[in-house]
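Asker: Got a predicted structure here, sequence first:
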Amino acid sequence: MEKKSFFGKLDVKTIVATALGAALFLVLFYFVKIPSPAPNTNIQIAYGITTFFGALFGPISALLVGFAGHALNDFLAGFGVWWSWVIASAVAGFFAGCAYKYCDLEHGKRPGKMFFIFNIVGQFLAWVVIAPVLDIVMYAEPMETVFVQGLVSFVIDTLSALVVGYILCVAYAATRSSSSSLDKE
Amino acid sequence: MKKTKLFSYVDKGTIIHKLSGLTKLICFLLLSFASMFTYDVRVLLILLAISLIISYIAKFPFRRYKIVFIYFLVFILFNFFLNFLLAPGYGEELFGTRHVIFVINDYFTLTWEQMFYQFAKLIKYLCIMPLGLMFFFTIDPSEFASSLNGIKVPYKACTVFALALRYFPDIQRDFTNINLAQQARGIDTSKKASLKQRIVSISKILLPLVFSTLDRVELISNAMELRGYGKAKSRTWYSYRHLVKRDHIAIAVCILIFVTVLFMRYFVVKDLFWNPFI
């Protein structure tokens, strides 16, 4: 097995995959909305896409998937880009991508515990630290509102990112043959 | 399933459409950062007027986008109430005075300060929104990547944006097809199904969608590699328009507005909010 760099390769395939990942993120963000028990929040399965692309292509790719996907979604929805949350999406993507070095989906292996650790840390930083702090700094939102919103989205988004991302990773790994499937006789 | 026609570029030939994409991007960023940096109601009202004038010049079809505005209004009204419910005393904290309008109980006291703060926020949202709409309404999608490159974003990241916009309709079509095919096989994705049922059915759409997209990645990246993409350090753009006199004027005006707002913020008012209560 060749050694993987932490940031992933930046070849043509990764760039195209990132772009299509962002488009996929956009489609899911826009069309698939499962209302959650909490009011005015939806379960966004799109975050599973960043998690999956992170594990497959690395942090830079996942960062761009989150950033481009979320920013373009805000543009298309028409209410202007909510930069603080877009940046939070990008950060969540970057951390999801940190699991890239420790995953070996290409050779049919399921993601291990590093996958979960990085994703939970990333989602926590994104929704409970970065999004609320940027909301306060950039938009002068009152502290109570943003932290309540942040906590709710942390719980929902982490669940969807992990569940959807893990399903996708396992399904992808199952289509790849393991590098050690042939034994020397 | 209804098709979204929200993002469609039509060249209306107005002066705004004739500006180069790079100019539009720079002006958009300057104006939206300007409105982000201030909470001064006077400044925000002027910015709002400017963005409305721009939309008028660009012949923005307000009527066609009615649904967006309604959605947006519901969103900010909800935010308005949430704000009051969670932090009814935030206005007093900001302005340091207390002018009571009426009292519900000790916690929920409506004050002029709170109303003023929430009004400022409302104007701010109203100010940012037409700017974003205008930008996407008037920029040629094929010019978008070259404009991003114009403000020194690495060209590979620009390609990501351009490709994402290019393939959004394709993936949307795939999604619709897969969705309909799965519905024909009896998988319920509508609102009638229970939450658990819907999650299961969505995963049945998600897997084929993601894997067909990954197949497409191979195809596109092969085509791009054959054309020598990514071999050189920089790149030229087919749709790039050189800046002419009107572009320089537009950029200069926006820089002037931006600097004025910053000047007001840091040297005249010296605070995020303009305080009429003292």
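Answerer: Here it is on my side, so go on.
Asker: Return the distance of B:Ile202 relative to chain A.
Answerer: 6 Å (Cβ to the nearest Cβ, to the nearest Å). Any C-beta I mention is one placed from the backbone N, CA and C, and that applies to glycine too.
Asker: Look up the closest residue to B:Leu148, ignoring the ones flanking it.
Answerer: Spatial nearest neighbour of B:Leu148, excluding adjacent residues (Cβ to Cβ, 6 or more residues apart in numbering or on different chains): B:Cys158 at 4.5 Å.
Asker: The one you found reaches B:Ser142, doesn't it?
Answerer: No - using Cβ atoms under 8 Å, B:Cys158 makes no contact with B:Ser142, being 11.8 Å away.
Asker: Compare neighbour counts for the two and give me the winner.
Answerer: B:Cys158 (20 against 15; other Cβ atoms under 10 Å in any protein chain shown).
Asker: May I ask you to confirm that the more buried one belongs to a helix?
Answerer: Yes - residue state for B:Cys158 (DSSP: H, G, I helix; E, B strand; the rest coil) corresponds to a helix.
Asker: Contact partners for it?
Answerer: Applying Cβ atoms under 8 Å, 6 or more residues apart in numbering or on different chains to B:Cys158 gives the contacts B:145-146, B:148-149.
Asker: could you redo those as a markdown table and give each row secondary structure and pLDDT?
Answerer: Formatted as a markdown table, those follow (DSSP: H, G, I helix; E, B strand; the rest coil; pLDDT from 0 to 100):
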| residue | secondary structure | pLDDT |
| --- | --- | --- |
| B:Ala145 | helix | 86 |
| B:Ser146 | helix | 88 |
| B:Leu148 | helix | 87 |
| B:Asn149 | helix | 88 |
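Asker: which among those end up buried?
Answerer: Listed as buried from the contacts of B:Cys158 are B:145-146, B:148-149; burial here means 16 or more other Cβ atoms under 10 Å in any protein chain shown.
Asker: was I right about A:Leu72 contacting A:Ala22?
Answerer: Yes - assessed by Cβ under 8 Å, A:Leu72 is found in contact with A:Ala22 at 6.9 Å.
Asker: what's the overlap in contacts for the two?
Answerer: B:161, B:164.
Asker: Excluding residues flanking it in the chain, which one is nearest whichever residue of the stretch 51-200 of chain B sits closest to chain A?
Answerer: Per Cβ to the nearest Cβ, B:Leu163 is where the stretch 51-200 of chain B lies closest to chain A, at 3.3 Å. Leaving aside its chain neighbours, B:Leu163 sits nearest to A:Ala19 (3.3 Å; criterion: Cβ to Cβ, 6+ apart).
Asker: Assumed B:Arg64 was part of a helix.
Answerer: No - going by three-state DSSP, the assignment for B:Arg64 is coil, not a helix.
Asker: and the gap between it and B:Leu133?
Answerer: To B:Leu133, B:Arg64 is 11 Å away according to Cβ to Cβ, to the nearest Å.
Asker: pLDDT below threshold where in the stretch 151-278 of chain B?
Answerer: B:191, B:272, B:278 (pLDDT under 70).
Asker: near chain A, which residues of it?
Answerer: Contact residues, the stretch 151-278 of chain B versus chain A (Cβ under 8 Å from any Cβ of the partner chain): B:156-157, B:159-165, B:167-168, B:170-172, B:175, B:195, B:198-199, B:202-203, B:205-207, B:209-211, B:213-214, B:216-218, B:220-221, B:224-225, B:229-230, B:272-273.
Asker: Could you list the buried residues of the host helix or strand of A:Ile156?
Answerer: Assigning secondary structure by DSSP states H and E places A:Ile156 in helix A:143-175. Within helix A:143-175, the residues scored as buried using 16+ other Cβ under 10 Å are A:144-147, A:149-150, A:152-158, A:160-169, A:172-173.
Asker: likewise stretch B:51-69?
Answerer: Result for stretch B:51-69 [16+ other Cβ under 10 Å]: buried residues B:51-52, B:54-55, B:58, B:60, B:65, B:68-69.
Asker: Format these as a markdown table; extra columns: secondary structure.
Answerer: Formatted as a markdown table, these follow (three-state DSSP):
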| residue | secondary structure |
| --- | --- |
| B:Ser51 | helix |
| B:Leu52 | helix |
| B:Ile54 | helix |
| B:Ser55 | helix |
| B:Ala58 | coil |
| B:Phe60 | coil |
| B:Tyr65 | coil |
| B:Val68 | helix |
| B:Phe69 | helix |
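Asker: Contact partners for A:His70?
Answerer: A:25, A:29, A:85-86, A:89-90.
Asker: Those residues: which ones sit near chain B?
Answerer: Within the contacts of A:His70, nothing lies near chain B by Cβ under 8 Å from any Cβ.
Asker: mind listing which of those are in helices?
Answerer: Mapping the contacts of A:His70 onto helices (DSSP state H) picks out A:25, A:29, A:85-86, A:89-90.
Asker: tilt between the helix or strand containing A:Val16 and helix A:143-175?
Answerer: Using DSSP H and E, A:Val16 sits within helix A:12-31. With axes from the mean of the first three to the mean of the last three Cα atoms, to 10 degrees defining the directions, helix A:12-31 sits at 130 degrees from helix A:143-175.
Asker: Helix A:12-31 packs against which elements?
Answerer: helix A:46-57, helix A:59-77, helix B:155-184, helix B:195-226 (3 or more Cβ pairs under 8 Å, 6 or more residues apart in numbering or on different chains; DSSP states H and E).
Asker: Restrict that helix to CA atoms and write it as PDB.
Answerer: Only the C-alpha atoms of helix A:12-31 are listed here, as PDB (Å, rounded to 0.1, in the frame of the first residue of the first chain):
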ATOM      1  CA  VAL A  12      -7.600  16.300 -12.100                       C
ATOM      2  CA  LYS A  13      -9.700  13.400 -10.800                       C
ATOM      3  CA  THR A  14      -9.900  14.900  -7.300                       C
ATOM      4  CA  ILE A  15     -10.800  18.300  -8.700                       C
ATOM      5  CA  VAL A  16     -13.600  16.900 -10.800                       C
ATOM      6  CA  ALA A  17     -14.800  14.700  -7.900                       C
ATOM      7  CA  THR A  18     -14.800  17.800  -5.600                       C
ATOM      8  CA  ALA A  19     -16.900  19.700  -8.100                       C
ATOM      9  CA  LEU A  20     -19.400  16.900  -8.500                       C
ATOM     10  CA  GLY A  21     -19.400  16.400  -4.800                       C
ATOM     11  CA  ALA A  22     -20.400  20.100  -4.400                       C
ATOM     12  CA  ALA A  23     -23.100  19.700  -7.000                       C
ATOM     13  CA  LEU A  24     -24.400  16.600  -5.200                       C
ATOM     14  CA  PHE A  25     -24.300  18.400  -1.900                       C
ATOM     15  CA  LEU A  26     -26.300  21.200  -3.500                       C
ATOM     16  CA  VAL A  27     -29.000  18.900  -4.900                       C
ATOM     17  CA  LEU A  28     -29.400  17.100  -1.600                       C
ATOM     18  CA  PHE A  29     -29.300  20.300   0.500                       C
ATOM     19  CA  TYR A  30     -32.000  21.700  -1.800                       C
ATOM     20  CA  PHE A  31     -34.400  18.900  -2.400                       C
END
